[in-house]
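> Provided below for reference: sequence and predicted model.
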Amino acid sequence: MSSSPSDPHRVVALVLPGVIAFDLAIAAQAFGHQEQADLYRFDVCAPHPGRVATQSPFTIDVASGLEALERADTIVVPGFRPLVDPPREVLEALRAAYARGARIASVCIGAFALAATGLLDGHVATTHWREAAEFRRRFPAVRLNPDVLYVDNGRLLTSAGLSAGIDLCLHMIRQDHGAAAASRVARYLVVAAHRPGGQAQFASQVSEDDGLSATFGWMVGEMHRPLTVAQMARHAGMPERSFARKFRARTDMTPMRWLATQRLLEAQRLLESTPLPVEDIAERTGLGTAANLRLHMARELGTTPTAYRKSRAAGEPLRAS
């Protein structure tokens, strides 16, 4: 890992032949954007430096070889085609990086490369739902769950297709630097700041034109006061049962569960960025009391508000790798 808390975290994307450009761009935008320069140093490497073919009608020039993985704190493996096992030297480099403590994350069908190392054996993982049958056939020792957006096993992380890779990157940023940092990235990517990994892949395919978008914003703006599903449905102009059904189709969560998640994220942001007392933060986020905030943080994050604030002030990750 980085030599000191002030060093930018080194993220390296491993570009395999036939890389899916969108998957690579996700990591580049999440970790390599100029606004992230104080937090991350982003690089790209390939088994052989030089011109690398992509699945799009262009190639990319990669300056670094596998030696870049020796210095990485986090390695991101984008999807690629054809889905052949990477060369032995690639698998050995990934295994060596993991052995020394690096975090390795795959985007979409990049999970095939990670699984080929054997590191995922015995672990739960995910990939694009269309490739689930092939993945199971080739890697029976991996406990595949193709019905979620991403899976976090500590230092081994996998995501489903396309936009789920964004969710995974935001999840890692949230772990590394807190909710405020993840929200900042989400704003310039113009995506939701948080979708839990357990959300169904199919839920993300529901049309955004379902009459709920304005109500999401209203719920966040009104989180400081008690809200009922009936009030939410009234704001959306729907019968309560229709609202609840459409809400779950969009988010794979009940309205109250989604609101509780937003309240906790806002509490994290306030703990990180303000000196407000815990009691005031609980009130502002609609969690009511300091005791209730402590309960939510203990259950969802395994920490207390005071410990969370101290760890963020010290620049510590949310969870040790």
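On my side now, so go ahead.
> can you give me the strands for this protein?
Ranges of strands in the chain, per DSSP state E, are 9-14, 40-45, 50-53, 59-62, 74-77, 103-106, 124-125, 143-144, 150-152, 156-159.
> among those strands, which is nearest residue 246?
Between residue 246 and those, the shortest gap by C-beta to C-beta is with strand 150-152, which sits at 23.8 Å. C-beta here means a position set from N, CA and C on the backbone, and glycine is covered the same way.
> apart from its chain neighbours, what residue comes closest to residue 242?
With C-beta to C-beta, 6 or more residues apart in numbering as the criterion, residue 242 has its nearest non-adjacent residue at 7.6 Å, and that residue is residue 233.
> that neighbour: how many residues sit nearby?
By other C-beta atoms under 10 Å, the residues close to residue 233 number 20.
> pretty sure it contacts residue 244?
Yes - between residue 233 and residue 244 a contact is recorded at 7.4 Å, counting by C-beta atoms under 8 Å.
> where does residue 100 land on pLDDT?
As predicted, residue 100 sits at a pLDDT of 97.
> and it, how many neighbours?
A count of nearby residues for residue 100, using other C-beta under 10 Å, gives 10.
> repeat that for residue 227.
Count around residue 227 with other C-beta under 10 Å applied: 17.
> that one touches residue 259, doesn't it?
Yes - Residue 227 lies in contact with residue 259 (C-beta under 8 Å); the separation is 6.4 Å.
> overlap of the contact sets of the two?
By C-beta atoms under 8 Å, 6 or more residues apart in numbering, residue 227 and residue 259 have these common neighbours: 219, 286.
> tell me the contacts of the closest residue to residue 36 other than its chain neighbours?
Once flanking residues are discounted, residue 36 sits nearest to residue 185: 7.1 Å by C-beta to C-beta, 6+ apart. Shown in contact with residue 185 (C-beta under 8 Å, 6+ apart): 30, 33, 35-36, 169-170, 173.
> which among those residues end up buried?
When those are checked for burial by 16 or more other C-beta atoms under 10 Å, the buried set is 30, 36, 169-170, 173.
> check these and tell me the two furthest apart.
Using C-beta to C-beta, the buried ones among the contacts of residue 185 reach their maximum pairwise distance at 36 and 170, which is 12.0 Å.
> what is in contact with those two at once?
Each of 30, 185 lies in contact with both residue 36 and residue 170 under the rule C-beta under 8 Å, 6+ apart.
> for the lengthiest helix in the chain, packing partners?
As assigned by DSSP state H, the longest helix anywhere in the chain is helix 255-273. Contacts defined by 3 or more C-beta pairs under 8 Å, 6 or more residues apart in numbering; DSSP states H and E place helix 255-273 against helix 179-189, helix 213-221, helix 229-236, helix 240-251, helix 278-284, helix 290-301, helix 305-313.
> quick one: the most centrally placed residue in the chain and residue 87, what's the gap?
Among the residues of the chain, the one closest to the centroid is residue 168, at 1.9 Å (C-alpha atoms, centre = their mean). Applying C-beta to C-beta, to the nearest Å, the value for residue 168 to residue 87 is 25 Å.
> ok, now residue 124?
In this view, residue 124 and residue 87 are 27 Å apart by C-beta to C-beta.
> next: residue 143.
Using C-beta to C-beta, residue 143 is found at 26 Å from residue 87.
> cool, residue 277 as well?
Distance, residue 277 to residue 87, using C-beta to C-beta: 56 Å.
> for residue 7, same thing?
Distance, residue 7 to residue 87, using C-beta to C-beta: 31 Å.
> looking at those two, which is more packed in?
Neighbour count, other C-beta under 10 Å: between residue 7 and residue 87, residue 87 has more, with 14 against 11.
> confirm for me that the more buried one is in contact with residue 66.
No - using C-beta under 8 Å, residue 87 is not in contact with residue 66, being 9.7 Å away.
> residue 303 contacts residue 296, doesn't it?
No - using C-beta under 8 Å, residue 303 makes no contact with residue 296, being 10.9 Å away.
> which one of the two has more residues nearby?
More crowded of residue 303 and residue 296, by other C-beta under 10 Å: residue 296, with 19 against 16.
> what's near enough to touch the more buried one?
By C-beta under 8 Å, 6+ apart, the contact set of residue 296 is 260, 263-264, 267, 287.
> just flag the most distant two among these.
Among the contacts of residue 296, 260 and 267 lie farthest apart (C-beta to C-beta), at 10.5 Å.
> tell me which of those two has more neighbours.
Using other C-beta under 10 Å as the criterion, residue 260 and residue 267 rank with residue 267 on top: 25 against 18.
> might one say that the more buried one is in contact with residue 285?
Yes - contact criterion C-beta under 8 Å: residue 267 and residue 285 qualify, at 4.8 Å.
> circling back: overlap in contacts of residue 87 and residue 66?
Contact criterion C-beta under 8 Å, 6+ apart; residues shared by residue 87 and residue 66: residue 47.
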